[in-house]
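A.B. asks: Model the following, please.
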Amino acid sequence: MKTTVTKMNESIEFLVQASKSQPTLQQYSQEIWNAVQPIITPQREFAENQHNHQMLLIRNMVNARYKDTQAEIKAIREALTNMIGATSVPIIRDDDDQDDAKRGRNMT
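C.D. replies: Below is the predicted model of the structure:
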């Protein structure tokens with residue numbers, strides 16, 4: 001019986017020591033972070049490089065479209081200027097239409 005109690009005490013002492021030596025949740029988290037960080041850091045850098053490259057492509061595309069649009073606007077202005085001449089076209093007003101609009105008459 002004495003040996004059984006001694007064995008039980010030894011077992012309890014072993015369990016107490018084992019529970020004290022177990023790592024905490026923070027230690028586990030830190031170990032996992034230390035193990036994963038060498039993988040995550042290059043992935044982040046790669047993703048950032050990809051993002052910067054895609055943004056550069058989009059910026060170039062937008063700038064090219066802007067230049068094309070400006071060139072189209074310039075061409076349209078030149079074509080209109082050539083068609084109607086350098087002077088602007090006078091606006092002809094019909095006083096009767098303005099009077100009807102002022103009076104609230106229906107023009108249909």
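A.B. asks: going forward, measure contacts and count neighbours with C-alpha atoms only.
C.D. replies: OK.
A.B. asks: Listing request: residues of this structure with sub-threshold pLDDT.
C.D. replies: 1, 19, 86-108 (pLDDT under 70).
A.B. asks: in it, which spans are strands?
C.D. replies: Applying DSSP state E to the chain gives no strands.
A.B. asks: So which residue is smack in the middle of it?
C.D. replies: Nearest residue to the geometric centre of the chain (Cα atoms, centre = their mean): His51, 9.4 Å.
A.B. asks: Report the contact partners of that one.
C.D. replies: Residues counted as contacts of His51 (Cα atoms under 8 Å, 6 or more residues apart in numbering): none.
A.B. asks: okay, now Val36: neighbour count?
C.D. replies: The tally of other residues near Val36 (other Cα atoms under 10 Å) stands at 11.
A.B. asks: swap that for Arg44, please
C.D. replies: 11.
A.B. asks: give me every residue that touches it.
C.D. replies: Neighbour list for Arg44: empty [criterion: Cα under 8 Å, 6+ apart].
A.B. asks: Return the distance of it relative to Met55.
C.D. replies: Per Cα to Cα, to the nearest Å, Arg44 is found 16 Å from Met55.
A.B. asks: And Glu72, by the same measure?
C.D. replies: Taking Cα to Cα, one finds Glu72 at 25 Å from Met55.
A.B. asks: and what of Leu80?
C.D. replies: Between Leu80 and Met55 the distance is 37 Å, computed by Cα to Cα.
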